[in-house]
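Participant: Show me the folded form of this:
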Amino acid sequence: MAEEKLFEGKVKKWFHSVGIYPAGFDENKMEVKEVGWYTKIWGGGYQKAGIPDIIACVKGQFVSVEVKASNGTASDLQELNTNRIRDSGGHGVFLYPTGFEQFKEDLTNMMDALHYDSYAPQLQEVYK
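Facilitator: From the prediction side, this is the model:
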């Protein structure tokens, strides 16, 4: 468990370095232009089992990350939920330390390829 938590910290640190910040993060502390948002899901008695560790929206794309230690394995429920995310058009990954560099490259390529215009201003007008 300790290895997984340390690795999760590295993932979050990298997220910050590319502009993906946690929910409620102070804009004045953002060192890089914001391109995404994430929240950490804490497992426990009040949370549904099998939900990925990190849920994110990056340049309009849904991204879920199930962080695993090098010897970790995904549960059947984690696999089911991640496959449902993928089947719905989202990007769901099981992230192991050995795949971190590839994950960073893939997510960076995705961010570089996406040019989006936020629909938030239009939706604010519709849903006043």
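Participant: how many neighbours does L107 have?
Facilitator: Counted with other Cβ atoms under 10 Å, residues neighbouring L107 total 23. (Glycine included, C-beta is placed from N, CA and C.)
Participant: Kindly report the same for E66.
Facilitator: 23.
Participant: swap in the one 5 residues further on?
Facilitator: Counted with other Cβ under 10 Å, the burial measure for N71 works out to 8 neighbours.
Participant: sec struct for the residue lying closest to it once chain neighbours are set aside, please.
Facilitator: In space, and not counting its chain neighbours, N71 is closest to E3: 8.0 Å by Cβ to Cβ, 6 or more residues apart in numbering. Of the three states, E3 takes helix according to DSSP: H, G, I helix; E, B strand; the rest coil.
Participant: give the contact list for E3.
Facilitator: 69-71, 97 (Cβ atoms under 8 Å, 6 or more residues apart in numbering).
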